[in-house]
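K.L.:
Need a 3D model of the sequence below.
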Amino acid sequence: MRAAHYKFVVIIILLILAVGLGILRWWYGPKLIGYTITSMPLVQTVVATGRVVTLSRAQVGSEITAVVLERLVQEGDHVMQGDVLLVLRADDIAAQVRQAEAALTELSTSRRPQTEVALANAEIQLAQASRETLRRKALTERSLLPIEALEQAQQAQLLADNVVEMATLKAVALAPGGVEELLLHERLAAVQAQLAKSVVRSAVRGTVLTRNVEPGDMVVPGRILFTLALDGSTELLVPLDERNLSRLTLQQPAVAIADAYLDKPFPAHINFIAPSIDPQRGTVEVRLIVDLAPDFLRQDMTVSVNIETARREQTLVIPNDALGGIQGDQGHVLLVHNGKVQRHNVTLGLRGLTMTEVIAGLSDGDKVLADAALSLPEGTRVRFTLQKHPLTSTTGNSDTRNKLPEQLN
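P.N.:
Numbers count the residues shown, from 1 in each chain. Below is the predicted model of the structure:
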């Protein structure tokens, strides 16, 4: 009987303890996780995806119609100014060069000596005609010859003088440095220039991006054979959501990472912000100069870019999931004060991917619930459980991940 009574008492005590514990838990409220507001460094960044571009490109073609004999470069090759890219067959032009060279040789070895001889002969004939005219004139004055004979001699002298004049003009034209020699040199230079076009050279320093020709192909003027990326500064073309435009300024630093080399970040900075917005995509084009382009960068390579838009060396921060009702720079938090929940308005500053700066409304050491969307009446008692901040590093990110049209799924 006593054993039964003892068991009954124990059961009653346990029920009283359970009820008391339940009442105590109800009094202290539910157990909820939250954060302690603290001060730390904060860096605001805009994250986006873009591609590698060069400042300018050069398109190389042929100035003549010919068949390709040899192609000496391919995609990815680096060329210097004057390097041979392509060799074309130009037998007909080479024949014209030899013909022009032969004409110059003929001038110096044949035509010029012949002209000099012709001039000497004409001068001899003129001298003879002059003497004959004087002889007949003397005879005519003594009435030993008729006047017609004198006139014939004078006519012969005039003709001989004309022949000398013509031979002199021709000799001057064919003389060294004369008109004929200059004309032949110009003709030779013209066909040599045409022959030089059979060797297609690079006019710039750069890297071969594309080639559209193979040995045996027929090429014509106007056809693009190679595309070269000119040596110079490398740029990153990044389309950013227009909502980030107010955060961007020229010369802002950034860190870029190529998708193919995730372990090799490299620095860059903004050097161009487009004056207009793409209405189809709602983006603004931003270009960043790569400060020191790594060797592995390739044209049109995909890169992720973290642009540093603002920095605080030390500021009060709050995890983003503890914020609710954000409108502009205003929001609210569920502040835990003396074990009770209070809906509290805050003024925000820098916005990051996981952390946001608190300008007003909270103090260092304040406790806030991790879920600002909880529907708790004002003054509700809660049991606060501390949770670590989502970021233990010193950076916060404003994430805007954009993709170019060709990268969209």
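K.L.:
Just give me the residue closest to the centre of the protein.
P.N.:
The C-alpha lying nearest the average C-alpha coordinate of the chain belongs to residue 54 (CA atoms, centre = their mean; 1.7 Å).
K.L.:
which regions of the stretch 51-200 of the chain sit below the pLDDT cut-off?
P.N.:
Applying pLDDT under 70 to the stretch 51-200 of the chain flags the ranges 55-56.
K.L.:
As a check, name the ranges of all helices in it.
P.N.:
91-106, 112-141, 147-174, 179-196 (DSSP state H, counting those that start in this stretch).
K.L.:
Go ahead and measure how far the last one is from the middle of the chain.
P.N.:
Averaging C-alpha positions (CA atoms, centre = their mean, to the nearest Å) puts helix 179-196 40 Å from its chain's average.
K.L.:
helices or strands up against that helix?
P.N.:
Counting contacts by 3 or more CB pairs under 8 Å, 6 or more residues apart in numbering; DSSP states H and E, helix 179-196 is packed against helix 91-106, helix 147-174. (C-beta placed from N, C-alpha, C; glycine too.)
K.L.:
now that helix and helix 147-174, what's the angle there?
P.N.:
30 degrees (axes from the mean of the first three to the mean of the last three CA atoms, to 10 degrees).
K.L.:
per-domain residue ranges of this protein.
P.N.:
What automatic domain parsing lists as the domains of the chain is 30-45+312-398, 47-54+233-309+400-404, 57-89+198-230, 91-195.
K.L.:
List the contacts of residue 111.
P.N.:
With contacts defined as CB atoms under 8 Å, 6 or more residues apart in numbering, residue 111 is in contact with 174, 180.
K.L.:
Residue 162 versus that one, what's the distance?
P.N.:
From residue 111 across to residue 162, the span is 21 Å (CB to CB, to the nearest Å).
K.L.:
do the same with residue 245
P.N.:
From residue 245 to residue 162 the distance is 88 Å (CB to CB).
K.L.:
got it, and residue 150?
P.N.:
For residue 150, the distance to residue 162 (CB to CB) stands at 19 Å.
K.L.:
ok, these two, which is more surrounded?
P.N.:
Comparing residue 150 with residue 162 by other CB atoms under 10 Å, the one with more neighbours is residue 150, at 19 against 12.
K.L.:
Help me confirm that the more buried one comes into contact with residue 138.
P.N.:
No: contact criterion CB atoms under 8 Å: residue 150 and residue 138 do not qualify, at 9.6 Å.
K.L.:
can I assume residue 289 is in contact with residue 268?
P.N.:
Yes: Residue 289 lies in contact with residue 268 (CB under 8 Å); the separation is 6.2 Å.
K.L.:
Comparing those two, which shows the higher neighbour count?
P.N.:
When neighbours are counted by other CB under 10 Å, residue 289 and residue 268 differ, and residue 268 comes out ahead with 26 against 18.
K.L.:
what's the burial count for residue 332?
P.N.:
When neighbours are counted by other CB under 10 Å, residue 332 registers 18.
K.L.:
what's the distance between it and residue 37?
P.N.:
Distance from residue 332 to residue 37, counting by CB to CB: 14 Å.
K.L.:
and if you look at residue 203?
P.N.:
Residue 203 is 63 Å from residue 37, by CB to CB.
K.L.:
would you say residue 310 is within a strand?
P.N.:
Yes: assessed by DSSP: H, G, I helix; E, B strand; the rest coil, residue 310 belongs to a strand.
K.L.:
and it, what does it touch?
P.N.:
Applying CB under 8 Å, 6+ apart to residue 310 gives the contacts 43-44, 247, 350.
K.L.:
ok, residue 309 - contacts?
P.N.:
Neighbouring residues of residue 309 by CB under 8 Å, 6+ apart: 44-46, 244, 247-249, 252, 398.
K.L.:
redo that, cut-off 6 Å
P.N.:
By CB atoms under 6 Å, 6 or more residues apart in numbering, the contact list for residue 309 reads 44, 46, 247.
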